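Novice: Next input, structure requested:
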Amino acid sequence: MSEIEHERQKIQGQRVVPQMADLLNEGQRRSLGTVLRRLERAAWQLEEQMSRGLVPPLALTDVTHVPTMVQQEQLIRLAQCVRQDVVHLAEDSGVKHDEEDRLRTLHAQFTLLWVELEDVRPQKLRHYGPLHPHLMEALGPRIQHISELVLALDAVVSGTHESTKRQNMVNTCNEALRARTKRRDGQ
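Specialist: Here you go, the predicted model:
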């Protein structure tokens, strides 16, 4: 609301209603912005998933209760409405546009996953009960290999591996995937 409009309302005895942006302090605006950004991202992800209609091919998780086509259309439309309302509320409340450094986000994600992998090494699994005598030799190297792959992903994101070492890891991974596919297909 402009100063002139504000003064005109005072003179006419009308109730002065401040703009929403004027009702929030900086801490409140930051908090609102954080929630709105997360909501916008969640609605976008929902819209993407429903638009593609794909169930992710996960080996360790069975996706159940997949939405019907009618539900998918409704979810897409509602997600679009959520995103529109988020934009309008952000504009009205003075929430500032933010940036996301995709590489930093990926770095954080894979760093946390590496930490979690470290917690499932055989020696750490003792916290959950006695270890089978062969667990160290059966699980240890496999967790080590996956951990190295996660660190390689992180290195690519952060640019810390030299390109030849990175490419060697990618080539090794490609060869292993081809070998697994041949074994699975019975060739």
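Novice: and the gap between residue 180 and residue 131?
Specialist: 28 Å (CB to CB, to the nearest Å). Where C-beta positions appear, they are placed from N, C-alpha and C, glycine not excepted.
Novice: So residue 33 is in contact with residue 97, correct?
Specialist: No. No contact is recorded between residue 33 and residue 97 when judged using CB atoms under 8 Å, the distance being 9.3 Å.
Novice: okay, the two: which has more neighbours?
Specialist: Under the neighbour definition other CB atoms under 10 Å, residue 33 and residue 97 were set side by side, and residue 33 has more, 18 against 8.
Novice: Quick check: which element contains the more buried one?
Specialist: Per DSSP states H and E, residue 33 falls inside helix 26-52.
Novice: more neighbours, residue 180 and residue 131?
Specialist: For the pair residue 180 and residue 131, the greater number of neighbours falls to residue 131 (13 against 10), based on other CB under 10 Å.
Novice: my guess is the more buried one contacts residue 122, does it?
Specialist: Yes. When contacts are counted by CB under 8 Å, residue 131 is listed as touching residue 122 (6.1 Å).
Novice: Domain ranges for the protein, per the record?
Specialist: In the assignment given by automatic domain parsing, the structural domains of the chain cover 3-93, 102-184.
Novice: With mean pLDDT as extra columns, can I get the ones you listed in JSON lines?
Specialist: Written out in JSON lines, the entries for those read as follows (pLDDT from 0 to 100):
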{"stretch": "domain 3-93", "mean pLDDT": "87"}
{"stretch": "domain 102-184", "mean pLDDT": "87"}
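Novice: mind checking the SS state of residue 57?
Specialist: When states are read from DSSP: H, G, I helix; E, B strand; the rest coil, the local structure at residue 57 comes out as coil.
Novice: Repeat that for residue 100.
Specialist: Under the three-state scheme (three-state DSSP), residue 100 adopts coil.
Novice: do residue 130 as well
Specialist: With three-state DSSP as the basis, residue 130 sits in coil.
Novice: how much space is there between it and residue 40?
Specialist: 48 Å.
Novice: Of these two, which one has the most company?
Specialist: Neighbours were tallied for residue 130 and for residue 40 using other CB under 10 Å; the higher tally belongs to residue 40 (17 against 8).
Novice: and that one, what is it in contact with?
Specialist: Residue 40 makes contacts with 82, 83, 86, 87, as judged by CB atoms under 8 Å, 6 or more residues apart in numbering.
Novice: Check the spacing between the first one and residue 44 real quick.
Specialist: As for residue 82, its distance to residue 44 is 9 Å (criterion: CB to CB).
Novice: ok, and the most crowded of the contacts of residue 40?
Specialist: For the contacts of residue 40, counting by other CB under 10 Å, the largest number of neighbours falls to residue 86: 20 neighbours.
Novice: tally of neighbours for residue 110?
Specialist: Residue 110 sits with 20 neighbouring residues when counted by other CB under 10 Å.
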